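Trainee: Next comes the sequence, and after it the predicted model I'd like to discuss.
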Number of protein chains: 4
Amino acid sequence: MKIAIIGLGRMGKNMAKRLLNDGHEVWVHNRTIEKAKELEKEGAIVAEKLEDILKMDRPRIVWSMLPAGEVTDKYFEKLKDILEKDDILVDGGNSHYKKDKLRFEEFKKLGIHYVDAGISGGVWGLTRGYSTMIGGEKEIYDRMLPIIKSLAPEDGYMYCGPTGAGHFVKMVHNGIEYGLMEAYGEGFEVLKASEYGNIDMSEVSKIWNHGSVIKSWLLELIENAFKEDAELDKIQGYVEDSGEARWTVNAAIESGVSVPVISNSLFKRFQSRQEDVFSDKVVAALRNQFGGHVIYS
Amino acid sequence: MKIAIIGLGRMGKNMAKRLLNDGHEVWVHNRTIEKAKELEKEGAIVAEKLEDILKMDRPRIVWSMLPAGEVTDKYFEKLKDILEKDDILVDGGNSHYKKDKLRFEEFKKLGIHYVDAGISGGVWGLTRGYSTMIGGEKEIYDRMLPIIKSLAPEDGYMYCGPTGAGHFVKMVHNGIEYGLMEAYGEGFEVLKASEYGNIDMSEVSKIWNHGSVIKSWLLELIENAFKEDAELDKIQGYVEDSGEARWTVNAAIESGVSVPVISNSLFKRFQSRQEDVFSDKVVAALRNQFGGHVIYS
Amino acid sequence: MKIAIIGLGRMGKNMAKRLLNDGHEVWVHNRTIEKAKELEKEGAIVAEKLEDILKMDRPRIVWSMLPAGEVTDKYFEKLKDILEKDDILVDGGNSHYKKDKLRFEEFKKLGIHYVDAGISGGVWGLTRGYSTMIGGEKEIYDRMLPIIKSLAPEDGYMYCGPTGAGHFVKMVHNGIEYGLMEAYGEGFEVLKASEYGNIDMSEVSKIWNHGSVIKSWLLELIENAFKEDAELDKIQGYVEDSGEARWTVNAAIESGVSVPVISNSLFKRFQSRQEDVFSDKVVAALRNQFGGHVIYS
Amino acid sequence: MKIAIIGLGRMGKNMAKRLLNDGHEVWVHNRTIEKAKELEKEGAIVAEKLEDILKMDRPRIVWSMLPAGEVTDKYFEKLKDILEKDDILVDGGNSHYKKDKLRFEEFKKLGIHYVDAGISGGVWGLTRGYSTMIGGEKEIYDRMLPIIKSLAPEDGYMYCGPTGAGHFVKMVHNGIEYGLMEAYGEGFEVLKASEYGNIDMSEVSKIWNHGSVIKSWLLELIENAFKEDAELDKIQGYVEDSGEARWTVNAAIESGVSVPVISNSLFKRFQSRQEDVFSDKVVAALRNQFGGHVIYS
């Protein structure tokens, strides 16, 4: 099939490669054109300007792997002028499912099919394939199947439901991911802080990955991490969050669902980035007021 | 009545004063004897050596306000040799209720009445009186009532039940206290971090203390704190914990009771004292492994 | 001063009374007009139809105590047609602060001054006054001061800042309230579940309210509740939530603020209303899959 | 090698089979002797009375798979009289690591080597092998290696450190397990409660298990569970806990480690088993006191 990939970051670049490997005709566009040029050597066709994708045969599939938010918004405004009736526009970034609904309607007015795609796989997706979650029109999903099958491993793709479903399922996936990571993190910290704390953590990860209930791909990655840096001395406990866990908590609250684990995983990340937490200052001030306790300043 | 107070820290000293003001004969003992000497001017009788309390008329009430843990343990071992049959020994520190049970039995063998007393009031207790929670034998509580009534405000004292009950009720009190403080802290941080964050926090505390549902003594102290230091710039968000909230969570777990608020208040304090949290390092390492995310080091 | 109160529920009715007691001319309107009629006896002027408030002298102050959400939205649409230039419209319900901003702009176009007011005090406000938090234009706040001073106790009112500030401060207030209530609840449950659980909880509340650090108005109400029903046998552990704590958590997440206590208080309420929690079913199913553990069905 | 297995529940029985399959001489004992008899057909030697294990050649390895707690305590008391100098006693149940230390010293006085073994694998261990974590004397671990290698998969066993280390590592493993399970549970509940909730959950699990970051053995089991019962209608959201997560939280608190995810996973289980939560009753009573809110009874 023919497809254009817009946005050649870590994810987009590798997805383009995977599609090229599977024999698709892949057009690529990126703001800094060098990244596109690199893929030219591997067989991709470079669209120097965004509007160059018009040179593709119709109907076109344009798959955006741009960062969610302003960048995507800006490009999609341009694409409203560039794309033509019956073209398919896929947002493979982590946009909010409610935004998908607005976009779907806007593009529908122009006769363009908007598809939301949740993609997981990280830097390993190139070789292992990407777990692919699609929302939008079922007929469009069917039409895109050859592309999707090339991106995903066998059994790793799904039509999730109407517009927003792909990003919603991916969002929940990320919420779960936060909880899993924090659970492992807490466990290793309890072990580390104990009298048995000088144990070889990479060995512990390894045996848990062989025969135990908690074995997982994440735990294999933890094993790697401890192998590379036994005490994690080179790593700061500073953790970014990318939005999906926030939205998962918002969605949970909207539905009246209790999510203590996902929310607390998120809050731990917030705190990991704060120097001097205001709520803690209030508590410290209070202790001084009623108990004459020492204040550290 | 006649009473000896052992341990003249913030709490013990003020309790001695309160009892002197109410006309009791108060013997005082402290490791650094200067603190006892200060009280001599206010009418107290100084026991230079611990065994000097034997000069009191029998049966004696000896009330310990020593710090819980090793210090109390050490003194109580000595008191086993010093105290005599029918004497009353009161532990007014924050000892664990299970330890009370062991001690009660040990002193019982010597004919000595062991009483556990939970005391709340902080630096304000001198003028306002101390909330006083007593566990042990009901007859002994009744015998001590004149002392208890002098220490506590009207309606501020209670026979809580058999040995351990006084410290258990005090322990739960402190667990609640942690939750309350953190709730206020979080609220003020949300306000601070918002677009309305430059509001006068001391004013906010004041109006909430007049007519609102969340008015409390703690909130009055918060009002004071913000009045003294509007941005809490002089206070570090470093919060100690003194054990009772830990025990409250342990007791909850033993009974199968869900305490997300008390436990998370405690965990926030733990984190306020940590520089580079190991669990956060694990999560940061993981993000790098699967997503190639930047590591801060 | 002259003022119209729209919406005569628990809060609105008592606020009207309080204003009447202080000598204001109070117009009242309510969907079921009987509630308005009751106030007529106390001196209020009944606006049978909403547009009857036009009979008031200009410029008018119209204070809505309608339930936030659809009801308020509907009435405010009507008021756009009824109110005139320079009139003041106050929303005293618990609307979202972001909605305030939209409304402020809409009414501004019509020359009408929109004010957001957060009101706390519950059923006790009639006698004690309502903690009153105002957002909007400072000049309008100043113009309304006689009304505000009648509603609030001394020191119980505040100009919080530009539009939305009143409702934001009130929202945070309610978020704190959730945390405080849950902290007390957890403490009493730990006590209840312990070996000392047959203690008189109303007595415990009372002594904590005399001299202890955790004394508060909420704890006085708990004392009342235990006095009326020692085991709370007549009360089901089913707790509604009214939206503000949800918004507080959302606002916290938007600002990257960690709020484990407020969020977990909210989640406890969600769970209190659920019969068979889906996440728990997933966990139970899992335990059966890997451990052959019994499933309850 | 020669080994006796005491306690032939789900775990013990399958471990005996695995050892028999690998050519070891396996003695078996169980309170209800029928379970032992079943294994006789597969080559095991039945010790009808506990003391019959004395017929084994010395030095003996006796591996207990009895339930932790009273049952194990009782049997171990008997074994103090039965076992002889240089024998090895392994506790493969989930005993507390602090208990291991006491037992190690007691048996050491008798010249018996006490070993603590954490075993994970559930009903799948028979075919896949058990993740095996050993604490105690390194020389004894080395002596037992042929047995351990038969029980565990390649790379699935480890000498964890001095006495208690095996059970401590296993305990932390279970604490992590609670967090992981709850994280998945919460995610699926958020999905279920959403507008996309009629999605095929077993399909979702499947695609997440192919190429996504959160793939794991637990998620494969979830996939199975949803395949068997799409809505989990046959499963009640009632979840037992077996102690290790409680101990993990206790150990965390003892070390001052923040574990919001593990603790909240545990608390969710507590709540899943409660009908009418007392803390929720307190909150409901409070809402009625200050707001006149409806009480459900």
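Mentor: Yep, that arrived.

Trainee: relative to helix D:165-192, how tilted is the longest helix along chain A?
Mentor: What stands out as the longest helix in chain A, according to DSSP state H, is helix A:165-192. Helix A:165-192 runs at 160 degrees relative to helix D:165-192, counting by axes from the mean of the first three to the mean of the last three C-alpha atoms, to 10 degrees.

Trainee: A:Ala152 reaches A:Met133, doesn't it?
Mentor: No - A:Ala152 lies out of contact with A:Met133 (C-beta atoms under 8 Å); the separation is 9.5 Å. Just so you know, the C-beta spots here come from the backbone N, C-alpha and C atoms, and that holds for glycine as well.

Trainee: Now do the shared contacts for the two.
Mentor: By C-beta atoms under 8 Å, 6 or more residues apart in numbering or on different chains, A:Ala152 and A:Met133 have these common neighbours: D:Ile207.

Trainee: Could I get the contacting residues of A:Gly125?
Mentor: Going by C-beta under 8 Å, 6+ apart, A:Gly125 touches A:Met11, A:Asn14, A:Met15, A:Arg18, A:Ile119, D:Gly211.

Trainee: which parts of the helix or strand containing it are buried?
Mentor: Element membership of A:Gly125, judged by DSSP states H and E, is helix A:125-128. Buried residues in helix A:125-128, counted by 16 or more other C-beta atoms under 10 Å in any protein chain shown: A:Gly125, A:Leu126, A:Arg128.

Trainee: Say whether chain D is contacted by the helix or strand just after that helix.
Mentor: Sequence order places strand A:131-135 as the next helix or strand after helix A:125-128, per DSSP H and E. Yes - counting by C-beta under 8 Å from any C-beta of the partner chain, chain D is contacted by strand A:131-135 at A:Ser131, A:Thr132, A:Met133.

Trainee: out of everything not next to it in sequence, what's closest to the last one?
Mentor: On the basis of C-beta to C-beta, 6 or more residues apart in numbering or on different chains, the spatially nearest residue to A:Met133 that is not a chain neighbour turns out to be A:Gly118, at 3.8 Å.

Trainee: can you give me the helices in the stretch 151-297 of chain A?
Mentor: A:165-192, A:201-208, A:217-228, A:244-255, A:260-272, A:278-291 (DSSP state H, counting those that start in this stretch).

Trainee: what's the answer for the stretch 1-150 of chain A, then?
Mentor: A:10-21, A:34-40, A:70-82, A:97-109, A:125-128, A:138-151.

Trainee: Packed most tightly, which of those would that be?
Mentor: Most buried of the helices of the stretch 1-150 of chain A, by mean neighbour count (mean count of other C-beta atoms under 10 Å in any protein chain shown): helix A:10-21, with a mean of 21.

Trainee: From the contact counts, what lies against that helix?
Mentor: Judged by 3 or more C-beta pairs under 8 Å, 6 or more residues apart in numbering or on different chains; DSSP states H and E, helix A:10-21 is in contact with strand A:2-6, strand A:25-29, helix A:34-40, helix A:125-128, helix A:138-151.

Trainee: Export only the CA atoms of it, formatted as PDB.
Mentor: The C-alpha trace of helix A:10-21 is given here as PDB (Å, rounded to 0.1, in the frame of the first residue of the first chain):
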ATOM      1  CA  ARG A  10      11.800   8.000  17.500                       C
ATOM      2  CA  MET A  11       8.400   6.400  16.800                       C
ATOM      3  CA  GLY A  12       7.700   7.700  13.300                       C
ATOM      4  CA  LYS A  13      11.100   6.900  11.900                       C
ATOM      5  CA  ASN A  14      11.000   3.300  13.000                       C
ATOM      6  CA  MET A  15       7.400   2.800  11.800                       C
ATOM      7  CA  ALA A  16       8.400   4.100   8.400                       C
ATOM      8  CA  LYS A  17      11.300   1.600   8.300                       C
ATOM      9  CA  ARG A  18       9.000  -1.300   9.400                       C
ATOM     10  CA  LEU A  19       6.600  -0.400   6.600                       C
ATOM     11  CA  LEU A  20       9.400  -0.100   4.000                       C
ATOM     12  CA  ASN A  21      10.700  -3.500   5.100                       C
END
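
Trainee: Just give me how far it sits from the chain centre.
Mentor: Relative to its parent chain, helix A:10-21 has a centroid offset of 16 Å by C-alpha atoms, centre = their mean, to the nearest Å.

Trainee: before we move on, the earlier item: compare neighbour counts for A:Ala152 and A:Met133 and give me the winner.
Mentor: The residue with more neighbours, out of A:Ala152 and A:Met133, is A:Met133; 31 against 27, by other C-beta atoms under 10 Å in any protein chain shown.

Trainee: contacting residues for that one?
Mentor: A:Met133 is in contact with A:117-120, A:157-158, A:160, A:165-167, A:169-170, A:173, D:207, counting by C-beta under 8 Å, 6+ apart.

Trainee: how deep is A:Met65 tucked in, by neighbour count?
Mentor: Residues within reach of A:Met65, counting by other C-beta under 10 Å, total 24.

Trainee: and the gap between it and A:Gly122?
Mentor: 13 Å (C-beta to C-beta, to the nearest Å).

Trainee: now swap in A:Ala252 and tell me
Mentor: Taking C-beta to C-beta, one finds A:Ala252 at 25 Å from A:Gly122.

Trainee: Have a look at these two and say which one is more surrounded.
Mentor: Between A:Ala252 and A:Gly122, counting by other C-beta under 10 Å, A:Ala252 is the more crowded of the two (26 against 22).

Trainee: so who does the more buried one touch?
Mentor: Counted by C-beta under 8 Å, 6+ apart, A:Ala252 has contacts A:Ser258, A:Val259, A:Ile262, A:Ser263, D:Glu186, D:Glu189, D:Val190, D:Ala193.

Trainee: Which members of those residues additionally contact chain C?
Mentor: On the criterion C-beta under 8 Å from any C-beta, A:Ser258, A:Val259, A:Ser263, D:Glu186, D:Glu189, D:Ala193 are the entries of the contacts of A:Ala252 that sit beside chain C.

Trainee: Next up, the contacts around the last one.
Mentor: Spelled out, it's D:Ala193. The neighbours of D:Ala193, taking C-beta under 8 Å, 6+ apart as the test, are A:Ala252, A:Ser255, A:Gly256, A:Val257, C:Phe278.

Trainee: I'd like those laid out as JSON lines, including distance to C:Val28.
Mentor: Putting the contacts of D:Ala193 into JSON lines (distance: C-beta to C-beta, whole Å) gives the following:
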{"residue": "A:Ala252", "distance to C:Val28": "40"}
{"residue": "A:Ser255", "distance to C:Val28": "38"}
{"residue": "A:Gly256", "distance to C:Val28": "35"}
{"residue": "A:Val257", "distance to C:Val28": "40"}
{"residue": "C:Phe278", "distance to C:Val28": "46"}
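
Trainee: Which of those sits closest to D:Ile148?
Mentor: The closest of the contacts of D:Ala193 to D:Ile148 turns out to be C:Phe278 (C-beta to C-beta; 40.0 Å).

Trainee: Find the nearest non-adjacent residue to that closest one, please.
Mentor: Nearest non-adjacent residue to C:Phe278, counting by C-beta to C-beta, 6+ apart: D:Glu189, 4.1 Å away.

Trainee: What score does that neighbour have for pLDDT?
Mentor: Looking at D:Glu189, its pLDDT stands at 98.

Trainee: got the contact list for it?
Mentor: Residues near D:Glu189 by C-beta under 8 Å, 6+ apart: A:Ala252, A:Val257, A:Val259, C:Val277, C:Phe278, C:Ser279, C:Val282.

Trainee: Nearest to A:Val46, out of the residues you listed: which one, please.
Mentor: Of all the contacts of D:Glu189, A:Val46 sits closest to A:Ala252, with 43.1 Å by C-beta to C-beta.

Trainee: measure that closest one to C:Phe278 for me?
Mentor: Distance from A:Ala252 to C:Phe278, counting by C-beta to C-beta: 12 Å.

Trainee: Name the single longest strand found in chain A.
Mentor: Longest strand of chain A, by residue count under DSSP state E: strand A:113-120.
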